[in-house]
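S.K.: below: sequence and its predicted model.
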Amino acid sequence: ETWRNELTNDFEKPVFQMCPALKAIKDKLYTLGAVYAQMSGSGSALYGIFNERPEHLEPHFSDCLTYIQKL
């Protein structure tokens, strides 16, 4: 849970300025309860880490390819 304030991807800032919809996706992951969300290294994906599997996640991202992995 501390990663949110400690880990950053410096590439996010310019990418989010060019494509605000990507920032909106990251913000939505946090709104839905992610303890951490970030753009992958070069921006090929955005991901969220949750303590518990969120209910009905897919409808919030109907225009995105979503994949949920339970560990």
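M.R.: Here it is on my side, so go on.
S.K.: for this protein, name the helix or strand with the lowest mean pLDDT.
M.R.: helix 3-6 (a mean of 88; mean pLDDT, DSSP states H and E).
S.K.: CA atoms of that one as PDB?
M.R.: Extracted C-alpha coordinates of helix 3-6, given in PDB (Å, rounded to 0.1, in the frame of the first residue of the first chain):
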ATOM      1  CA  TRP A   3       4.000   1.900  -3.200                       C
ATOM      2  CA  ARG A   4       1.500   4.600  -4.200                       C
ATOM      3  CA  ASN A   5       3.700   7.200  -2.700                       C
ATOM      4  CA  GLU A   6       7.000   5.500  -3.200                       C
END
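S.K.: so after it, what's the next helix or strand?
M.R.: Next helix or strand after helix 3-6 toward the C-terminus (DSSP states H and E): helix 12-18.
S.K.: which residues in the chain form strands?
M.R.: Secondary structure of the chain (DSSP state E): strands located at 36-39, 46-49.
S.K.: single out the most deeply packed of these.
M.R.: Mean neighbour count (mean count of other C-beta atoms under 10 Å) peaks for strand 36-39 among the strands of the chain, with a mean of 19. In short, each C-beta sits where N, CA and C put it, glycine included.
S.K.: what average pLDDT does it get?
M.R.: If you average the pLDDT over strand 36-39, you get 95.
S.K.: what comes into contact with it?
M.R.: Outside of strand 36-39, the residues within contact range by C-beta atoms under 8 Å, 6 or more residues apart in numbering are 1, 3-4, 7-9, 11-12, 15, 22, 26, 29-30, 45-49.
S.K.: again with stretch 13-33
M.R.: Taking C-beta under 8 Å, 6+ apart as the rule, stretch 13-33 contacts 4, 12, 37-39, 43, 46-48, 50-52, 54, 57, 60-61, 64.
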